[in-house]
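K.L.:
how would this look folded up:
(one chain, ligands or ions: 1)
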Amino acid sequence: MNPVFVAIDTPDPQQAVDLAASLRGTVGGVKLGLEFFAANGPAGVAKVAATGLPIFLDLKLHDIPNTVASAMRALADLRPAIVTVHAAGGRAMLEQAKAAAPVETKVVAVTVLTSLDAGDLDSIGVAAAPAEQVERLAALARDSGLDGIVCSGAEVEAAHRAWPDGFFVVPGLRPSGSDSGDQKRVVTPRQARASGASVLVIGRPITKAEDPAQAARDIAGTL
Ligand SMILES: O=c1ccn([C@@H]2O[C@H](COP(=O)(O)O)[C@@H](O)[C@H]2O)c(=O)[nH]1
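P.N.:
This next block holds a predicted model:
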């Protein structure tokens, strides 16, 4: 399986469909997140899914258990390959999210966003370093019956050791020399894959390239 899921972050449904169609055969799937879903809803997702690529719905659900479970049921018709929830929602929320998802959908928990560093965690009252907090939330996700976690490439090797059959989604990826933008915990796609990432989430390095398909091929060539 091609591990690269391209993050298509746009409110424009036609742009998303065109980009997905142009990347078919070059990436393993498409990740649609809050920006796309807020603008286009489930109907927009269905249009991108019609390109034939597996869909990763990165909605980072985080609410009381009943609300998250209901939202998960409402997404079921879209048959997403992967859906995200926030590990910080706690055990009952995670368990009910997984129970409400279609059996073929992998439910993965976001641990510490790749845009955060130790200082950011401290400012929200988390005294732990990112790696320690990822470890804690990975154990919670595993014990709650989830399929895996989202973490940075810096933590995936340790997480994989602690959860050998877990599914590890890694964003915050940049080919060497490229701009990190708002991402703070960044590694290269190759480093993440070598460390045990199951899925490599790559957005702007592909979508903002002059030739996105070529950029995706170039990245695949480094793996
Ligand atoms: O911790 C996280 C969780 C999710 N994301 C999402 O991944 C992509 C990354 O896009 P880039 O353009 O490659 O930075 C984006 O959709 C985020 O919402 C993340 O970056 N970090």
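K.L.:
Residue in the chain with the shortest distance to the ligand?
P.N.:
residue 203 (2.6 Å; C-beta to the nearest ligand atom). Any C-beta I mention is one placed from the backbone N, CA and C, and that applies to glycine too.
K.L.:
how far away is the closest residue in space to residue 7 that isn't next to it in sequence from residue 58?
P.N.:
Distance criterion C-beta to C-beta, 6 or more residues apart in numbering; nearest residue to residue 7, sequence neighbours excluded, is residue 203 at 3.2 Å. According to C-beta to C-beta, to the nearest Å, residue 203 and residue 58 sit 10 Å apart.
K.L.:
joint contacts of the two?
P.N.:
7, 31 (C-beta atoms under 8 Å, 6 or more residues apart in numbering).
K.L.:
hmm, who's touching the longest helix seen in the chain?
P.N.:
Here the longest helix in the chain is taken by residue count, with DSSP state H as the criterion, and it is helix 34-49. Identification of contacts with helix 34-49 by C-beta under 8 Å, 6+ apart yields 8-13, 16-17, 20, 30, 32, 55, 57-60, 74-75, 77-80.
K.L.:
And the buried ones among these, selectable in PyMOL?
P.N.:
Only the buried entries of the contacts of helix 34-49 go into this PyMOL selection, using 16 or more other C-beta atoms under 10 Å:
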select buried, resi 8+9+13+16+17+20+30+32+55+57+58+59+60+75+78+80
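K.L.:
Among the contacts of helix 34-49, which are located in helices?
P.N.:
In this view, the contacts of helix 34-49 that belong to helices under DSSP H are 13, 16, 17, 20, 74, 75.
K.L.:
Just put the residues you listed in a markdown table and tack on distance to the ligand and pLDDT.
P.N.:
Compiled in a markdown table, these are given as follows (distance: C-beta to the nearest ligand atom, whole Å; pLDDT from 0 to 100):
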| residue | distance to the ligand | pLDDT |
| --- | --- | --- |
| 13 | 16 | 98 |
| 16 | 12 | 98 |
| 17 | 17 | 98 |
| 20 | 14 | 98 |
| 74 | 21 | 98 |
| 75 | 17 | 98 |
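K.L.:
from the residues you listed, which single one is nearest residue 141?
P.N.:
For residue 141, the nearest member of the ones in helices among the contacts of helix 34-49 is residue 75. The distance, counting by C-beta to C-beta, is 18.8 Å.
K.L.:
is it true that the closest one touches residue 57?
P.N.:
Yes: Residue 75 lies in contact with residue 57 (C-beta atoms under 8 Å); the separation is 6.3 Å.
K.L.:
list the residues that contact both of those two?
P.N.:
By C-beta under 8 Å, 6+ apart, residue 75 and residue 57 have these common neighbours: residue 83.
K.L.:
Many thanks, we can stop here.
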